[in-house]
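Asks: Turn this into a model:
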Amino acid sequence: MDIAALLECLLGAQTPDMLLPKYAYPSAGSLYPVQTYIYVKEGAAANIESGTYYYHPREHKLNQYSVNVPLPRSVFVDRVAQDKFDRAGVVLFLISQLSAIEPLYPEKAREFSYLEAGYMVRVVEERAAELKIACDVLTGDVTMAPLTALFDLESTHLYTLAIGLGGTLPLRPLDPPAEPVTLA
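Replies: Model (predicted):
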């Protein structure tokens, strides 16, 4: 699996005349508080050691946190998510840094973080389909303690969603986009 090619969809592009980078998905106030943390299982990705990483979207770079550290399936509370985790070779954890969004949206920070994560999922799903990489969303609650330890998270981090990639997950096509509706 080519993680670099997959993660290009989350890359922020910036030109000298732009104050902030532009991404392929929206974010409230252009704050982009949702961060991508990655768990790679042994042998799941070409040229990448198993372990945990942070994806830096402006530099298109992985920062390694740990090598060969197992993540227990019990991090996911839901049995269906546990089964998907077992079958995935790589898992992207979309985790919001609430301190980046709460100053502007103190009452809506969590909701906006979940929305942004949903938009990110769609972008990842589309890119995975192009690359013929199996992709499935792992929903439900998680036990934060293992994630906090593996990714060096703070109390201001909020887990939103996870995306399982590769492994023995079934390759499934995306639903085609809906036909545009003509308004009278």
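Asks: which helix in the chain runs the most residues?
Replies: In the chain, taking DSSP state H as the definition, the longest helix is helix 109-131.
Asks: Report all helices and strands that that one contacts.
Replies: If you count contacts as 3 or more Cβ pairs under 8 Å, 6 or more residues apart in numbering; DSSP states H and E, helix 109-131 packs onto helix 3-7, strand 34-40, strand 90-97, strand 135-138, strand 157-165. In this view, the C-beta of every residue, glycine as well, is placed from N, C-alpha and C.
Asks: closest to Thr15 out of those?
Replies: helix 3-7 (20.5 Å; Cβ to Cβ).
Asks: Output the closest one as CSV, nothing but the C-alphas.
Replies: Presented in CSV, the C-alpha positions along helix 3-7 are these (Å, rounded to 0.1, in the frame of the first residue of the first chain):
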residue,chain,number,x,y,z
ILE,A,3,0.5,5.6,2.1
ALA,A,4,2.2,8.7,0.6
ALA,A,5,-0.1,8.5,-2.5
LEU,A,6,-3.1,8.0,-0.3
LEU,A,7,-2.3,10.9,2.1
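Asks: Could you list the residues in contact with that helix?
Replies: Helix 3-7 is contacted from outside by 36, 38, 40, 45, 48, 55, 60, 62, 90, 124, 127-128, 131, 133, 165, using Cβ atoms under 8 Å, 6 or more residues apart in numbering.
Asks: From these, list the buried ones, please.
Replies: Neighbour-count burial within the contacts of helix 3-7 applies to 36, 38, 40, 45, 48, 55, 62, 90, 124, 127-128, 131, 133, 165; the criterion is 16 or more other Cβ atoms under 10 Å.
Asks: Format those as TSV; extra columns: distance to Asp152.
Replies: Below are the buried ones among the contacts of helix 3-7 laid out as TSV (distance: Cβ to Cβ, whole Å):
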residue	distance to Asp152
Thr36	14
Ile38	14
Val40	17
Ala45	21
Ile48	19
Tyr55	14
Leu62	15
Val90	19
Val124	23
Arg127	27
Ala128	27
Leu131	29
Ile133	27
Leu165	22
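Asks: on that earlier part again, just the closest of the contacts of helix 3-7 to Ala81, please.
Replies: Among those, Leu165 lies closest to Ala81 (Cβ to Cβ), at 14.2 Å.
Asks: Identify the residues contacting that closest one.
Replies: Neighbour list for Leu165: 1, 6, 88-92, 128, 133-135 [criterion: Cβ under 8 Å, 6+ apart].
Asks: ditto for Ser113
Replies: Ser113 touches 33-34, 96, 98, 101, 158, 160, counting by Cβ under 8 Å, 6+ apart.
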